[in-house]
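S.K.: Give me a 3D structure for the following:
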Amino acid sequence: MSEAQPSSTIYENVVEFVENYLGPVYRRHVSDLSDTQWCPEWWKHAEATIRLDALWRAWEYYRLDGGAGISVWLNDHADRHMRRLLDQRGPFTYCNVGDGHQDMLDPMPLKSPPPHLFPDPIRSDSETATDSGRVTVYRDVVEYVENYLSLVYRRQVSGYVVWCPEWWKHAEAIARLDALWRAWEYYRLDGRAGISVWFLEHADPHMFELLDRRGPFEYCGELGGHQNTLAPLPLRSPPPNIFRDPIVADLETESDSA
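M.R.: Residues are numbered from 1 along each chain as shown. You can find the predicted model right below:
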């Protein structure tokens, strides 16, 4: 950055922030025998790069609040992001201080859905954007999952974590991932704490439910593929009029009494 355009931030970029602030502040026992994972080459992990960049931008925003700003940043952003990054089953699963970076986690396994399964894309080309007033980076949830989310959330999808390559055959996965994409397109426009909020309040909770062994992908896997084993929740219809409109019922009562 040139001297003619001085930075409005303390740190010029996320690398400077991690090396001069976050690393010295978050001191943890990250030896090969500890239960805390860390990769010295964190910048080789897409998830770590995006999380730490979001963390830096949030810090630059909250530091301007002389009241509880840094406390909010630590509790609501830093601790939660670092808990994910340092977890043994997180993005640094196979990395360690001694051996350094290990490129062993692949993107989430995927199979593309049939054409026109999602018939109402939001295109990002200028013509459609002008007509609709909406401009998105990805045209639909499929493009988003295949080109962003699956590359960011790299996990060992066996044992503690499950994933279905044909996620689009699960109604819950479609609902969650479509919502996640739309939330990302919204929060990416906030250059302050937007992506940090998206990660912590949307991506992490949704992915926790999807990757859970007791979640919608319970019987699916990378090797066996999609398994249509889970039935909808069993239901019985309630008695008639058990859910009456209380306002209408009150009006009817008042009319009768009059």
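S.K.: wait, what's in contact with the residue nearest in space to the middle of the chain?
M.R.: A centroid search over the chain (C-alpha atoms, centre = their mean) returns Ala203, at 2.0 Å, as the residue closest to the centre. Contact criterion C-beta atoms under 8 Å, 6 or more residues apart in numbering gives Leu149, Tyr153, Leu180, Trp184 as the residues in contact with Ala203. For glycine as for every other residue, the C-beta is placed from the backbone atoms N, C-alpha and C.
S.K.: May I have the predicted confidence score for it?
M.R.: The predicted local confidence for Ala203 comes out at a pLDDT of 96.
S.K.: Check Thr36 too.
M.R.: According to the per-residue confidence, Thr36 scores 84 in pLDDT.
S.K.: Then Ile247?
M.R.: As summarised for this prediction, Ile247 has a pLDDT of 69.
S.K.: Arg213 now?
M.R.: At Arg213 the predicted local distance difference test score is 90.
S.K.: what about it, which helix or strand?
M.R.: Following DSSP states H and E, there is no helix or strand that holds Arg213.
S.K.: check contacts around the nearest residue to it once chain neighbours are set aside.
M.R.: In space, Arg213 comes closest to Val162 once its chain neighbours are excluded; the distance is 5.5 Å by C-beta to C-beta, 6 or more residues apart in numbering. Shown in contact with Val162 (C-beta under 8 Å, 6+ apart): Leu211, Asp212, Arg213, Gly215, Phe217, Glu218, Cys220, Gly221.
S.K.: hang on, the earlier thing: could you identify the most distant pair in the contacts of Ala203?
M.R.: Put simply, by C-beta to C-beta the two of the contacts of Ala203 set farthest apart are Tyr153 and Trp184, 12.4 Å from each other.
S.K.: how about the nearest residue to Asp212, chain neighbours excluded?
M.R.: Computed as C-beta to C-beta, 6+ apart, the closest residue to Asp212 that is not its neighbour in sequence is Val162, at 7.5 Å.
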